[in-house]
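**Q** just need the structure, nothing else, for what follows:
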Amino acid sequence: MESMDRLESVDIITPPTSPVSNTEVKVSNEVSNEIETNMSICLKQLSGCIASIKNKLGDQDFQQRSGVTVTVLLELYRVLIASFLILFVPQSCGDHVCTISENAQTGSDPLYNAGFSFNCITLAAFVTMYFAEVKREGKLIAYLDVNPKCMTDNDSVGLVLERLPIERKNTILFYDKFYQKSGYFALVCFIVNTILSGFVVNKYYLDDKTTSTFITSVLFMITKMGDVYSTVSTDRNIFYSAYLKGKIQYNDLDANKDLGKTEV
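**A** Model prediction:
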């Protein structure tokens, strides 16, 4: 019993810890320094990217090009609707409403054939006008700026153009004239197409939907064609933007362009 009650003392031997060598300390410091260096480089690159994005978003050329792209994409729909009035306006095909495929079929009716053919011509005129419009706007954005501090009359802007290389000046004037001619042609086609299509849909009148859809489709392009007319009916050196609101006028040289470079 005495042996069971007696507590035996056990010595716990702790293994000796090995001392950290100088080599291990040196490697650890190098790894730590490398991590700090990499983090510093990443932070500088991130700061540079953020600054670059801010500068890009604040750049006048970038803002203008973005606005043009979005506007053109949105206008593709109303161009189709306003061109193919016969195709998308509800009409009567005897005992049922004509489908789009039925509206697209020409037959023995010369009025209907003429109307549908002019729908196609009008679409081609609009596509040509938008091509000229986008090219003109691109050249104006690239070579000129909107400067409220500069004069905006024809003679003053003409003096600004004289400071451009001759290739760039001629490019601006070429696309401005091209846009003017295509704009007038598209306006004439739009008017003729509206009148001719009106006779067609009236002949195949269905109900009130015919009238409301026809008027809505025409109104899609009335405001656009009004803007086109006010843009192209100007003096030679008056370059109103076709997309920026408030009829912004390009009237100064682009600060981002090197005047010594020729156009690519």
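**Q** and residue 92, bridged to which residues?
**A** residue 97 (DSSP bridges).
**Q** quick one: residue 87 is in a strand?
**A** No: assignment of residue 87 by DSSP: H, G, I helix; E, B strand; the rest coil gives helix, placing it outside any strand.
**Q** let me see the contact set for the nearest residue to it once chain neighbours are set aside.
**A** Closest residue in space to residue 87, ignoring its immediate chain neighbours: residue 103 at 5.0 Å, by C-beta to C-beta, 6 or more residues apart in numbering. Where C-beta positions appear, they are placed from N, C-alpha and C, glycine not excepted. Counting by C-beta atoms under 8 Å, 6 or more residues apart in numbering, residue 103 makes contact with 86-88, 91.
**Q** among these, which ones are buried?
**A** 86-88, 91 (16 or more other C-beta atoms under 10 Å).
**Q** now, among those residues, which is nearest to residue 196?
**A** residue 86 (9.0 Å; C-beta to C-beta).
**Q** measure that closest one to residue 80 for me?
**A** Computed as C-beta to C-beta, to the nearest Å, the residue 86 to residue 80 distance reads 12 Å.
**Q** please apply the same query to residue 153.
**A** Counting by C-beta to C-beta, the gap from residue 153 to residue 80 is 39 Å.
**Q** between those two, which has more neighbouring residues?
**A** Between residue 153 and residue 80, counted using other C-beta atoms under 10 Å, the more crowded position is residue 80 (15 against 11).
**Q** verify the stated contact: the more buried one with residue 120.
**A** No: using C-beta atoms under 8 Å, residue 80 makes no contact with residue 120, being 11.6 Å away.
**Q** now residue 235. Nearest residue, chain neighbours left out?
**A** Residue nearest to residue 235 in three dimensions, not counting chain neighbours: residue 154, with 4.1 Å by C-beta to C-beta, 6+ apart.
**Q** and for residue 99?
**A** Nearest one to residue 99, counting by C-beta to C-beta, 6+ apart, is residue 93 at 7.9 Å.
**Q** can you check residue 254 too?
**A** Of all residues not flanking residue 254 in the chain, residue 145 sits nearest, at 5.0 Å (C-beta to C-beta, 6+ apart).
**Q** beta partners of the one you found?
**A** residue 252.
**Q** is it true that it touches residue 249?
**A** No: applying C-beta under 8 Å as the test, residue 145 and residue 249 come out as separate, 10.5 Å apart.
**Q** what touches both of these two?
**A** What both residue 145 and residue 249 touch, as defined by C-beta under 8 Å, 6+ apart, is an empty set.
**Q** before we move on, the earlier item: and the gap between the residue nearest to residue 254 and residue 242?
**A** 16 Å.
**Q** with neighbour numbers in mind, choose between those two.
**A** residue 242 (25 against 19).
**Q** wait, what's in contact with the more buried one?
**A** Residue 242 sits in contact with 133, 136-137, 179, 227-228, 231, where contact means C-beta under 8 Å, 6+ apart.
**Q** between those, which is nearest residue 70?
**A** Nearest member of the contacts of residue 242 to residue 70, counting by C-beta to C-beta, is residue 137, at 12.8 Å.
**Q** helices and strands around the helix or strand harbouring that closest one, which ones?
**A** Per DSSP states H and E: residue 137 is located in helix 110-143. If you count contacts as 3 or more C-beta pairs under 8 Å, 6 or more residues apart in numbering; DSSP states H and E, helix 110-143 packs onto helix 60-83, helix 85-88, helix 166-203.
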